[in-house]
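Novice: Sequence plus predicted model, see below.
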Amino acid sequence: MREETIQTDVTVVGGGLAGVCAAIAAARLGRKVALINNRPVLGGNSSSEVRVWVCGATGHGIHRYARETGIMGELFVENQYRNKDGNPYFWDMVVHEAVRAEPNIQLFLNTDVHEAEAEGNENDRTIRSVTGWMMGSERRIRFESPLFLDCTGDGLIGFLAGAKYRLGREAREEFNEEWAPLVADDVTLGSTLLFYTKDAGHPVKFTPPSIAKDIRKTTIPERRIIRSGDNGCAYWWIEWGGEHDIVHDNERIRDELWSVIYGIWDYIKNSGKFDAENMTLEWVGAVPGKREYRRFVGDYVLNQNDILAQREFEDRVAYGGWSIDLHPPQGVYATAAGSKHLHMDGIYHIPFRSLYSANVSNMLMAGRDISASHVAFGTTRVMATCAVIGEAAGIGAALCAAKGVTPRELHASHLSELLQTLLRQDAAVIGLRNEDEADLARKAVVSASSERRRFAVERAAETVSLTTDVGMTIPVDPALDGLELLVDASSAAELAVELWETGRAENYVPRTKVLSASAPVAAGGRQWVKLDLRWTPETARNAFLVIKANDAIALHLDNRPTSGALAFWKGENPRLSPGLEDHQPEQPVVQWSMKKFDRKIPCFRLSAPTNAFAADKATDGYARPYGGPHLWSSERLAAGRPEWLELAWRDPIAVRQVHVTFNDDVNEDLINLHHHITPFEVIPDLVKDYRIEARVGDAWTTVAECRDNRKRKHVHALDAAVATDRLRVVVESTNGSEYAEIVEVRVYAQD
């Protein structure tokens, strides 16, 4: 047996998406990182071993402008380019290569950590090392570092180190949570096994194995949706074990889930109720996808009320948006719906105090084991949210290691630096503003070759009848001074529109009615109808327009999206299955669905010019939509005419590093596997070819350039400092958009 000791700045245990993002985040800040995973591949439940799709704040398109940025966003966008059809093995490689690209990470696969050395009393403990066995290599490895991250999901490292934790459901009175049970218990969410099918092109028989359950003797055929063409996560409801110990009974749970899968396949193949003669099983999972086990206690326990109120924590370091999604403990055998969902009006915030242990001084946690109540965990548990939590925890760990402080001390004395570092790394945080004193772009005067001052969509590709209310959000900056809509009318009618505030800047639902207007419409087609809507909010923000139902009127639509504007259909969400999922349709984000208007927008014209796309939006401190688009947009691109964004300083500066963030349409719902397919490989809104120029003397000199870009953010480190008083980002082409769009530019005098 080979004995080894690995010493690093940060040790991350767990190679799911939380651990991957934590390790990459710490490594990018210059820390030496050991990333340890007990499986042969990275990605956890999203890997080819389990094959759960990566869900996050978008909620499969329920929330607007909610797709994650930062490292998780990079993985989504890169997977879209390499793997838009959702091959699970290609996804494995996207995640694997992202880790291998970081020279500061030492990766240890097939390494099962089962020992932890910790010291101190029960209220103040410190981890000194963890030890694991690398399977197949006969290597016993001891890992030492000042900081440890438990990203194991089950919370094994913290448990071994004596960290305080919770297991099961809290009583309702503890946090005054409406969805909590009256009495606390040890019930958890269950585990799931998935399977894939394929058409073999010829008849395939199926002889069920002896373990196959006769599901006709259960409630499954009556209470669940079974179709011969479905596979994978469409069968997320093959869940069991919530009334057992998810960890210690893992083998029993797997066997039970296998019996259900083979029983369902026997039912599909041999009951005569399905067209499945040529269908065969291509893959059946062997590793149960766990949902819940230990949840550590941090300095703050996130709860249901925080989620629904979208509480703006001072130390918010990540966000989520998936519904509070709880399942019956009986799993597949429950007579109730397979899940019930409670939605918030927009994304919610996650505090840093929920990411470090209350009693183990040098342990942070990320993933499904963070400090949250069982009810709040119902939303924080999904993988893209776990990933952005991981990035925040990794950045926190890196700063702790650099400063020689604990996470609690970092929160107490260096919170501003933590938050500003998150923003600089493009992490998934909303509502915080860039206040980085080192960013020289904040002191520049910004101009552009052109600005999109006239906000209008005039190209009509199809129509939709106003059989129900239709919603639109548009930026109001600084004021709305009238609006025109392009409509057809089968007979004389009245077009009525209401203007509503959205309340919070991160929300895209109607909250408070401000005013209404109407206009007569004569019978006929392609009429621009002007509505006298006038509103001057105190600060720039979005307006939610409700175009009232009228069967005599049809709206013209463009079949391409436009930055800053969204459209909504009021009524039943076509992707929700009420027999399987209880989504409480009266909630605003469920009532107002974007599904009918995927990448479409009603034709409209604003009567007055807008400042929503001005050049200085690229340095206004916000790198995500928040009460407006917060990006510079040029006028429509013309052949042979590059568009540019310019930063100018009164006195020359020394430029060593330039950060450029492009618009990758965070409203577009991307996914790693097979829930839905987005047709394009590269986000069309992204700039494709560009160069960065500095004025040196009297001439413009190219100091950096990029071709065939498919990423949201680039950091250009110059070989040597360049003295200049003017800097330009010159956009030569895009990946399909008619506009050059830049979200943010940062300039630094040092690396």
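Specialist: Cool, the structure landed. All values derive from a computational prediction rather than experimental measurement. Numbering: from 1, shown residues only.
Novice: Pairing partners for the worst-scoring helix or strand of the chain on mean pLDDT, with directions?
Specialist: Here the helix or strand of the chain ranked lowest by mean pLDDT, DSSP states H and E is strand 581-582, holding a mean of 84. Sheet pairing of strand 581-582 (DSSP bridges) gives strand 339-342 (parallel).
Novice: so Ala397 is in which element?
Specialist: Following DSSP states H and E, one finds Ala397 within helix 383-403.
Novice: Buried residues in the helix or strand following that helix, which are they?
Specialist: Using DSSP H and E, the next helix or strand after helix 383-403 towards the C-terminus is helix 407-413. Of all the residues in helix 407-413, those buried under the rule 16 or more other C-beta atoms under 10 Å are Pro407, Arg408, Leu410, His411. For the C-beta atoms, the positions are set from N, CA and C on the backbone; glycine is no exception.
Novice: show me what contacts the last one?
Specialist: Under the criterion of C-beta atoms under 8 Å, 6 or more residues apart in numbering, the neighbours of His411 are Asp299, Asp315, Phe352, Arg353, Tyr356, Leu418.
Novice: Roughly how far does the first one sit from Ala118?
Specialist: Asp299 is 19 Å from Ala118, where distance means C-beta to C-beta, to the nearest Å.
Novice: sorry, back to before: buried residues, the helix holding Ala397. List them.
Specialist: For helix 383-403, burial by neighbour count (16+ other C-beta under 10 Å) applies to 383-401.
Novice: then it to CSV, C-alphas only?
Specialist: Listed next in CSV are the C-alpha coordinates belonging to helix 383-403 (Å, rounded to 0.1, in the frame of the first residue of the first chain):
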residue,chain,number,x,y,z
MET,A,383,-27.7,21.3,-9.1
ALA,A,384,-27.2,24.7,-10.8
THR,A,385,-28.0,26.4,-7.5
CYS,A,386,-25.6,24.1,-5.7
ALA,A,387,-23.0,25.1,-8.3
VAL,A,388,-23.3,28.8,-7.8
ILE,A,389,-23.2,28.2,-4.0
GLY,A,390,-20.0,26.2,-4.7
GLU,A,391,-18.4,29.1,-6.5
ALA,A,392,-19.2,31.5,-3.7
ALA,A,393,-17.9,29.1,-1.1
GLY,A,394,-14.7,28.5,-3.2
ILE,A,395,-14.1,32.2,-3.5
GLY,A,396,-14.7,32.6,0.3
ALA,A,397,-12.2,29.8,1.0
ALA,A,398,-9.6,31.3,-1.3
LEU,A,399,-9.8,34.6,0.5
CYS,A,400,-9.7,32.9,3.9
ALA,A,401,-6.6,31.0,2.8
ALA,A,402,-4.9,34.2,1.5
LYS,A,403,-5.6,36.2,4.6
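Novice: helix/strand/coil for Leu645?
Specialist: The assignment at Leu645 comes out as strand when based on DSSP: H, G, I helix; E, B strand; the rest coil.
Novice: For it, give the beta-bridge partners.
Specialist: Beta-bridge partners, per DSSP bridges, of Leu645: Ala448, Val729.
Novice: Val696 too?
Specialist: Per DSSP bridges, the residues bridged to Val696 are Ala699.
Novice: element containing the nearest residue to Ala200 once chain neighbours are set aside, please.
Specialist: Nearest residue to Ala200, sequence neighbours excluded (C-beta to C-beta, 6 or more residues apart in numbering): Thr280, at 4.9 Å. For Thr280, the enclosing helix or strand under DSSP H and E is strand 279-284.
Novice: can I see the domain layout of the chain?
Specialist: 2-170+298-424, 191-284, 440-451+613-748, 456-606 (automatic domain parsing).
Novice: Just put the contacts of His411 in CSV and tack on distance to Leu515.
Specialist: Shown next, in CSV, are these (distance: C-beta to C-beta, whole Å):
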residue, distance to Leu515
Asp299, 45
Asp315, 38
Phe352, 41
Arg353, 42
Tyr356, 47
Leu418, 42
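Novice: Give me the buried subset of those.
Specialist: In the contacts of His411, the ones that pass as buried (16+ other C-beta under 10 Å) are Asp299, Asp315, Phe352, Arg353, Tyr356, Leu418.
Novice: Could I get the buried residue list for stretch 24-36?
Specialist: Using 16+ other C-beta under 10 Å as the test for burial, stretch 24-36 gives Ile24, Ala25, Ala26, Ala27, Arg28, Leu29, Arg31, Lys32, Val33, Ala34, Leu35, Ile36.
Novice: show me where the stretch 351-500 of the chain has helices.
Specialist: Under the criterion DSSP state H, counting those that start in this stretch, helices of the stretch 351-500 of the chain are mapped to 374-380, 383-403, 407-413, 415-424.
Novice: Could you list the low-pLDDT ranges of this protein?
Specialist: For the chain, the stretches with pLDDT under 70 are 572-579.
Novice: residue ranges of the helices in it, please?
Specialist: 17-28, 70-83, 88-100, 156-161, 172-175, 220-223, 250-270, 304-309, 374-380, 383-403, 407-413, 415-424, 588-591 (DSSP state H).
Novice: Highest average neighbour count across the ones you listed: which stretch is it?
Specialist: Greatest average neighbour count among the helices of the chain goes to helix 17-28 (a mean of 31), per mean count of other C-beta atoms under 10 Å.
Novice: Who are the packing partners of that helix?
Specialist: For helix 17-28, the packing partners by 3 or more C-beta pairs under 8 Å, 6 or more residues apart in numbering; DSSP states H and E come out as strand 10-13, strand 33-36, helix 70-83, helix 88-100, strand 105-108, helix 383-403.
Novice: Dump those to TSV, plus distance to Gln750.
Specialist: Listed next are these as TSV, based on distance: least, C-beta to C-beta, whole Å:
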stretch	distance to Gln750
strand 10-13	23
strand 33-36	23
helix 70-83	22
helix 88-100	26
strand 105-108	24
helix 383-403	16
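Novice: Figure out which of these is closest to Val204.
Specialist: With distances scored as C-beta to C-beta, the stretch of those nearest to Val204 is helix 88-100 (22.1 Å).
Novice: Packing partners of that closest one?
Specialist: Judged by 3+ C-beta pairs under 8 Å, 6+ apart, helix 88-100 is in contact with helix 17-28, helix 70-83, strand 105-108.
Novice: Out of these, flag the one nearest Asp325.
Specialist: Closest among the helices and strands packed on helix 88-100, once you apply C-beta to C-beta, is helix 17-28, at 17.6 Å.
Novice: ok, back up a step: mind listing residues that contact the least confident helix or strand of the chain?
Specialist: Strand 581-582 is touched from outside by Ala337, Gly338, Ser339, Lys340, His341, with contacts defined as C-beta under 8 Å, 6+ apart.
Novice: Specify the beta-bridge partners of the residue nearest to the first one when sequence neighbours are not counted.
Specialist: In this case it means Ala337. Once flanking residues are discounted, Ala337 sits nearest to Asp582: 4.6 Å by C-beta to C-beta, 6+ apart. Under DSSP bridges, the beta-bridge partners of Asp582 are Lys340.
Novice: again with the one 10 residues further on
Specialist: Here Trp592 shows beta-bridge partners Lys570, assigned using DSSP bridges.
Novice: How many residues are close by it?
Specialist: With neighbours defined by other C-beta atoms under 10 Å, the count for Trp592 comes to 25.
Novice: contacting residues for it?
Specialist: By C-beta under 8 Å, 6+ apart, the residues touching Trp592 are Gly471, Val509, Pro510, Phe568, Trp569, Lys570.
Novice: State the distance from the first one to Arg599.
Specialist: According to C-beta to C-beta, Gly471 and Arg599 sit 16 Å apart.
Novice: Name the residue in the two with the higher neighbour count.
Specialist: Gly471 (24 against 18).
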